[in-house]
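Participant: pasting the structure only:
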């Protein structure tokens, strides 16, 4: 099946790729087509050396309120499922795993411009950071649809907001606004709606211009692995990686640009430092 890339628009400017969910007539409800377009765009960004940082947002007034309601209706009647497949295909087994964004080595920052729920929230949990418009609504919604904690949300949420807050959000499936989401650690920043994308892109451009792509990629892996390591293991890994990076051109460039008071010119991601 060919991908309709118009469902996820891509714009690259000054090292920052902006991916926009583009189903505004359906409030960017999640479908198999949107999923595939989004993942294809992420793959493009991963392979493009000009892209240093990725921003993800939604067209119109919503980010992604979850699975398209027509698909949920079909799943409830046994004719389809929220992943967009046939009734015989078990729900939760999409063509490409839903944690694909977490495998991208470049920073991903969400500019969450409106409703963010269900599988849309799960996608937002995969981001490295989340900036939200003031008044944006967040909910997992699962319990109120007779579902369970889908697509790894039971693993992701506690790591961001703690176990008690995660259970509050999962069990009650209540709606929280951006300010409360920020207070519990679900959101990094809350920004006026008309400034959200500009503020997020400006932050991303600063990373793209001033931070080593290799450093950012390695640190993403360090933080992800640290959940499975104790402190001595994390320190041992850090010493190993530090000894390697001290011998790399990016370290020389980082020090030189600082002393010379200029913008650094870092190279592409050095894959041999990544697992």
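Facilitator: Here it is on my side, so go on. Please read all numbers here as calculations on a predicted model, not as lab measurements. Numbering: from 1, shown residues only.
Participant: any low-confidence regions in the protein?
Facilitator: Across the chain, the ranges flagged by pLDDT under 70 are 1-2, 69-97.
Participant: ok, which stretches of the chain are strands?
Facilitator: 8-13, 16-21, 53-58, 108-112, 116-117, 129-133, 137-139, 176-177, 189-191 (DSSP state E).
Participant: Need the residues that contact the fourth one.
Facilitator: For strand 108-112, the surrounding residues in contact (Cβ atoms under 8 Å, 6 or more residues apart in numbering) are 42, 53-58, 63, 101, 124, 126-133, 136, 138, 178, 187, 196-197, 200-201, 203-204. Backbone N, C-alpha and C define where each C-beta goes, glycine included.
Participant: now it, how far from the centre of its chain.
Facilitator: Centroid separation between strand 108-112 and its chain, computed with Cα atoms, centre = their mean, to the nearest Å, is 6 Å.
Participant: OK, contacts around residue 160?
Facilitator: By Cβ under 8 Å, 6+ apart, the contact set of residue 160 is 125, 166, 185-186.
Participant: Check whether residue 59 really touches residue 21, as I assumed.
Facilitator: Yes - shown here, residue 59 and residue 21 form a contact pair, counting by Cβ atoms under 8 Å, at 6.3 Å.
Participant: Looking at the two, which one has more neighbours?
Facilitator: residue 21 (27 against 18; other Cβ atoms under 10 Å).
Participant: OK, contacts around that one?
Facilitator: 7-8, 28, 34, 38, 56-59, 63-64.
Participant: Roughly how far does it sit from residue 15?
Facilitator: 22 Å (Cβ to Cβ, to the nearest Å).
Participant: same thing with residue 232?
Facilitator: 36 Å.
Participant: What's the end-to-end length of stretch 186-201?
Facilitator: One end of stretch 186-201 sits 19 Å from the other (Cα to Cα, to the nearest Å).
Participant: contacts for that stretch?
Facilitator: By Cβ under 8 Å, 6+ apart, stretch 186-201 touches 13, 16, 18, 55, 57, 109-113, 129-135, 138, 160-161, 176, 178-179, 181-182.
Participant: Make a ChimeraX selection of the buried ones in the residues you listed.
Facilitator: Buried subset of these, written as a ChimeraX selection, criterion 16 or more other Cβ atoms under 10 Å:
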select :16,18,55,57,109,110,111,112,113,129,130,131,132,133,138,161,176,178,181,182
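Participant: Name all residues that make contact with the spatially most central residue of the chain.
Facilitator: Ranked by distance to the mean C-alpha position of the chain (Cα atoms, centre = their mean), the top residue is residue 127 at 2.2 Å. The contact partners of residue 127, by Cβ under 8 Å, 6+ apart, come to 56, 101, 108-110.
Participant: May I ask which two of those are separated the most?
Facilitator: Longest distance between any two of the contacts of residue 127 is 11.5 Å, between 101 and 109; criterion Cβ to Cβ.
Participant: Determine how far the last residue of stretch 130-150 lies from the first.
Facilitator: Rule used - Cα to Cα; the end-to-end distance of stretch 130-150 is 20 Å.
Participant: right, I mislabeled it, should have said stretch 259-271
Facilitator: In stretch 259-271, first residue to last residue: 27 Å (Cα to Cα).
Participant: same check, this time on stretch 241-259
Facilitator: 24 Å.
Participant: Likewise for stretch 263-275?
Facilitator: Terminal-residue distance, stretch 263-275 (Cα to Cα): 29 Å.
Participant: and stretch 235-246, how far from the chain's centre?
Facilitator: How far stretch 235-246 lies from its chain's middle: 27 Å, per Cα atoms, centre = their mean.
Participant: Tell me the spacing between the residue nearest to the centre of the chain and residue 260.
Facilitator: 34 Å.
Participant: same check, this time on residue 140
Facilitator: On the measure of Cβ to Cβ, residue 140 and residue 260 end up 49 Å apart.
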